[in-house]
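Undergrad: Quick one, fold the following:
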Amino acid sequence: MELLKERILKDGVVKPGNVLKVDSFLNHQMDIDLINEIGREFRRRFPSDKITKILTIESSGIGIACLAAQYFHVPVVFAKKAQSINIDGEIYHTKVESFTHKKVYDVIVSKKFISPEDHVLIIDDFLANGCALMGLISLIRDAGASIEGAGIVIEKGFQQGGTLIRDAGIHLESLAVIDSMTDDSLTFR
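TA: Predicted coordinates:
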């Protein structure tokens, strides 16, 4: 998606440790026109009418998933990184390690929001080592639901996540795949 790549080159900032900051347009301040185009592109890449839910993880994926959902006409479910008194009843649970935050989260989804009848599309902002995505896949499998694929805005192609997900047989569509990053440049696949 050229529009996204151009925006990453213009406003993205590479930080030490292979961290790409896109907080000025994607995951802190959000460029709604750009994210709307991202949602439209995910719909083009996942044309199946079987999709019944979009699943993401809090918090950066929520806005992206919501704008994508308008093209699928399905609800968005987001996995929470902490138990709260608002979640009642039974839950699906997994552990996810965040590449950016260097922290392990207990991730949960209420069982009333994903069922064996669901066909779930995962949407998220980044794919690095694949931990978050594998955690979401685990939640879907625990529910007995079908995984229709995973849509990622930015994939770090030089890290293992994309290979891990593709080798697991998951239909993965990444809108921008970065092949390499240095302090002063990045290259796309």
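Undergrad: ok, the residue nearest the centre of the chain - contacts?
TA: Centroid-nearest residue in the chain: residue 124, 1.3 Å away (criterion: C-alpha atoms, centre = their mean). Contact analysis of residue 124 by C-beta atoms under 8 Å, 6 or more residues apart in numbering lists 56-57, 60-61, 64-65, 132-133, 136, 150-153. From N, CA and C alone the C-beta is placed, and that goes for glycine too.
Undergrad: I'd like the distance from it to residue 44, if you could.
TA: According to C-beta to C-beta, to the nearest Å, residue 124 and residue 44 sit 18 Å apart.
Undergrad: Also residue 105?
TA: Using C-beta to C-beta, residue 105 is found at 31 Å from residue 44.
Undergrad: okay, and for the protein, where does confidence drop off?
TA: For the chain, applying pLDDT under 70 flags the ranges 83-88, 99-100.
Undergrad: For it, which segments are assigned as strands?
TA: For the chain, applying DSSP state E gives strands covering 13-15, 19-21, 53-57, 76-79, 91-98, 103-110, 119-127, 146-156, 172-182, 185-188.
Undergrad: among those strands, which is nearest residue 1?
TA: Checking the strands of the chain against residue 1 by C-beta to C-beta gives strand 172-182 as the closest, at 4.3 Å.
Undergrad: now the angle from that closest one to strand 146-156?
TA: Relative orientation of strand 172-182 versus strand 146-156 (axes from the mean of the first three to the mean of the last three C-alpha atoms, to 10 degrees): 20 degrees.
Undergrad: Give the partner strands of strand 172-182 in its sheet and their orientations.
TA: According to DSSP bridges, strand 172-182 forms sheet pairs with strand 146-156 (parallel), strand 185-188 (antiparallel).
Undergrad: Could you measure from the nearest residue to residue 48 once chain neighbours are set aside over to residue 166?
TA: Distance criterion C-beta to C-beta, 6 or more residues apart in numbering; nearest residue to residue 48, sequence neighbours excluded, is residue 148 at 5.9 Å. Here the criterion is C-beta to C-beta. By it, residue 148 lies 15 Å from residue 166.
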